[in-house]
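Peer 1: just the structure for this:
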Amino acid sequence: MSAQARRKGLLVDMLARNLLFQPSHAAAGYFYAVLAAILWSLIGPFSKVCLASDIGPVEAAFWRVFLGGMCFLVQAAMHGSLFISWRHAVLFFLFGGWGVGVLSGALQISIQLSGAAMAMVLMYTAPAWVAVASRVLFHEPISRQKFLAICIALGGTTLICFSGGSLMEEHSSVGIFCGLLSGITYASHFPFYTWWKHSYPAETIYAYMLLGGAAFLLPFSDFTPDKPVESWGYLISFGFLTNYIAYIALTKSLQRINPVKTAVIGNIEPILATILVWMFFGENFTHYGWFGCGLVIFAVFLLTLEKKPAPQRDIEQVRVKRE
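Peer 2: Take a look at the predicted model:
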């Protein structure tokens, strides 16, 4: 190949890499946050199918967490990042009992008692808890627009919660409590991962966390014997898509945008989940409930269109000061 041809090839390669498609760092973060929300919106339909297949809510949560954790375990082993400080491994494992085990179990129980749509919306009270935790742990300021977006999202959540629920039955206090509990535990993911993301790869953190969550759920699981092949197909897809791939998208988002934005963008998840279970399983809301969904979507756009977000302090500096 002539020198001129090589130069042309290098020029074409440079144009392809730098000019044809080069999304901004923040835009990629928003993309991954939306992708995670889409995948998590499938939790409702998968859960309904598992319940219809006589798989109990806690057992479904166990297999979802365990199978996702095994995917991360294999990935960490392949990348040579599985073996870490035993203290940190124990910490991740124990946090997984709370941040994964309690979250997944409570969410499945809420889906069974209050409906998938209502349970997913209740889980998305998380932005309020994330904002408080980010302020306390990382000194992240909350702008007026961000605060307004969170308030609107929570207002929409309240309307959905008290509109009668997506099963159109009497309120289940246990279902509402488990839904709110899933929101609190879900919120803890954001500051925890943001704190550790510079120390270990995502696959290492989530391998220990998810397996810790599975260990927490194991004693409470009433396993259904002799599952048909179709049920195993549902469970494997459930764990791979809504846990493994979704968590990868979440971590990539948190590496690019701050945790409050990731959490509030994720509020599109209950909207998508509601549409899916309405279309395929007959769950529905009253007019007030649908109005609440609209408020949640508006809050998402209000947050993402914020033009001058306050700069996020470097977590490493905060960690050094705390030490």
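
Peer 1: for residue 41, which non-adjacent residue is spatially closest?
Peer 2: Of all residues not flanking residue 41 in the chain, residue 272 sits nearest, at 3.6 Å (C-beta to C-beta, 6 or more residues apart in numbering). Backbone N, C-alpha and C define where each C-beta goes, glycine included.

Peer 1: what helix or strand is the one you found on?
Peer 2: Following DSSP states H and E, one finds residue 272 within helix 268-281.

Peer 1: swap in residue 167?
Peer 2: Here residue 167 is assigned to no helix or strand, by DSSP H and E.

Peer 1: my read is that residue 258 contacts residue 140, right?
Peer 2: Yes. Counting by C-beta atoms under 8 Å, residue 258 does reach residue 140; the two are 6.4 Å apart.

Peer 1: could I get the phi/psi values of residue 245?
Peer 2: The phi/psi pair for residue 245 (degrees, to the nearest 10) reads phi -70, psi -40.

Peer 1: same check, this time on residue 54
Peer 2: phi 60, psi 30.

Peer 1: in contact with the closest residue to residue 160 other than its chain neighbours, which residues?
Peer 2: Spatial nearest neighbour of residue 160, excluding adjacent residues (C-beta to C-beta, 6+ apart): residue 292 at 4.0 Å. By C-beta atoms under 8 Å, 6 or more residues apart in numbering, residue 292 lies in contact with 121, 155, 156, 157, 158, 159, 160, 163, 285.

Peer 1: so the fifth one is in which element?
Peer 2: Using DSSP H and E, the secondary-structure element containing residue 158 is helix 144-161.

Peer 1: which elements pack onto that helix?
Peer 2: helix 116-123, helix 126-138, helix 259-265, helix 287-304 (3 or more C-beta pairs under 8 Å, 6 or more residues apart in numbering; DSSP states H and E).

Peer 1: let's see 6 Å
Peer 2: In terms of contacts (3 or more C-beta pairs under 6 Å, 6 or more residues apart in numbering; DSSP states H and E), helix 144-161 is packed against helix 126-138, helix 287-304.

Peer 1: other residues contacting the next helix or strand after it?
Peer 2: Scanning forward in sequence from helix 144-161 by DSSP H and E, the next helix or strand is helix 173-196. Residues outside helix 173-196 that contact it (C-beta atoms under 6 Å, 6 or more residues apart in numbering): 99, 102-103, 106-107, 109-110, 113-114, 119, 122-123, 125-126, 129-130, 133-134, 137, 205, 254, 259, 263.

Peer 1: next, the angle from helix 173-196 to helix 144-161.
Peer 2: If you take axes from the mean of the first three to the mean of the last three C-alpha atoms, to 10 degrees, helix 173-196 sits at 150 degrees to helix 144-161.

Peer 1: dump helix 173-196 to PDB, restricted to CA.
Peer 2: The C-alpha coordinates for helix 173-196 follow below in PDB (Å, rounded to 0.1, in the frame of the first residue of the first chain):
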ATOM      1  CA  SER A 173     -51.400  -1.700  53.500                       C
ATOM      2  CA  VAL A 174     -48.700  -4.400  53.200                       C
ATOM      3  CA  GLY A 175     -48.400  -3.800  49.500                       C
ATOM      4  CA  ILE A 176     -48.000   0.000  49.900                       C
ATOM      5  CA  PHE A 177     -45.500  -0.500  52.700                       C
ATOM      6  CA  CYS A 178     -43.400  -3.000  50.600                       C
ATOM      7  CA  GLY A 179     -43.500  -0.600  47.600                       C
ATOM      8  CA  LEU A 180     -42.200   2.300  49.700                       C
ATOM      9  CA  LEU A 181     -39.600   0.100  51.300                       C
ATOM     10  CA  SER A 182     -38.400  -0.900  47.800                       C
ATOM     11  CA  GLY A 183     -38.100   2.800  47.000                       C
ATOM     12  CA  ILE A 184     -35.900   3.400  50.100                       C
ATOM     13  CA  THR A 185     -33.700   0.500  49.400                       C
ATOM     14  CA  TYR A 186     -33.400   1.400  45.700                       C
ATOM     15  CA  ALA A 187     -32.300   4.900  46.600                       C
ATOM     16  CA  SER A 188     -29.400   3.500  48.600                       C
ATOM     17  CA  HIS A 189     -27.800   2.100  45.400                       C
ATOM     18  CA  PHE A 190     -27.000   5.500  44.000                       C
ATOM     19  CA  PRO A 191     -24.800   6.900  46.800                       C
ATOM     20  CA  PHE A 192     -23.300   3.500  47.600                       C
ATOM     21  CA  TYR A 193     -22.200   2.800  44.000                       C
ATOM     22  CA  THR A 194     -21.100   6.500  43.500                       C
ATOM     23  CA  TRP A 195     -18.900   6.100  46.600                       C
ATOM     24  CA  TRP A 196     -17.200   2.900  45.300                       C
END
